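K.L.:
give me a 3D structure for the following:
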Amino acid sequence: MLLRNGITLSKKHQNSFRVFPYFFRPVLNHFYFLKDDFGFLKPNIDTWKNEGVVEFTSEDIRILVEYISPNWIGICFQKTNVPGGMYEHRLFEILGISYNVNLAKVIPSKYYQAAAKEIQEMEKAIEKTVKYLSSLIKDNHEKIFSY
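P.N.:
I've put the predicted structure just below:
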């Protein structure tokens, strides 16, 4: 599975992430700026019960991008070595960052048909949501990372 120039999943991950390759591909592509631009480590990817999470960790912040339910992409921010202090989307509100909760939802097409087409439609819907959330973080990284 080729994701973007230089980003691939190992054979092990290709086999274990059959459930949501259409979640991991857009997340790795659109959040990879954290690794390239802001010094986060190589992302850690995992699944549990038809859901998935990508974790980016730096020296002092941890960001989780989660496929929480059939229609929600969650973002969690946590300062490492600080007990508690895990913030979800509410951090945008706290920091005064304009945030549209409806754009964080994956809106599946009403016209699902065959399984292959359904996966294409779902991947497009997930990618749209992921693009919105990643651009929100990229555009407001100074506020978010210094909170």
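K.L.:
what score does Thr129 have for pLDDT?
P.N.:
We note a pLDDT of 92 for Thr129 in this prediction.
K.L.:
show me what whatever helix or strand it lives in is packed up against.
P.N.:
Using DSSP states H and E, Thr129 maps to helix 115-139. In terms of contacts (3 or more Cβ pairs under 8 Å, 6 or more residues apart in numbering; DSSP states H and E), helix 115-139 is packed against helix 21-31, helix 33-38, strand 61-69, strand 72-79. Any C-beta I mention is one placed from the backbone N, CA and C, and that applies to glycine too.
K.L.:
name the residues of it that are buried.
P.N.:
Neighbour counts using 16 or more other Cβ atoms under 10 Å place 121-123, 125-127, 129-130, 132-134, 136-137 of helix 115-139 among the buried residues.
K.L.:
tilt between that helix and strand 72-79?
P.N.:
Put simply, helix 115-139 runs at 30 degrees to strand 72-79, going by axes from the mean of the first three to the mean of the last three Cα atoms, to 10 degrees.
K.L.:
now do the buried residues in the next helix or strand after helix 115-139.
P.N.:
Sequence order places helix 141-146 as the next helix or strand after helix 115-139, per DSSP H and E. Within helix 141-146, the residues that qualify as buried are Ile144, Phe145, counting by 16+ other Cβ under 10 Å.
K.L.:
for Ile107, which three-state class applies?
P.N.:
coil (DSSP: H, G, I helix; E, B strand; the rest coil).
K.L.:
close enough to count as contact, it and Glu121?
P.N.:
No: counting by Cβ atoms under 8 Å, Ile107 sits too far from Glu121 to count as a contact (10.2 Å).
K.L.:
shaky segments in the chain?
P.N.:
Scanning the chain for pLDDT under 70 picks out 1-10, 13-20, 49-50, 69-70, 108-117.
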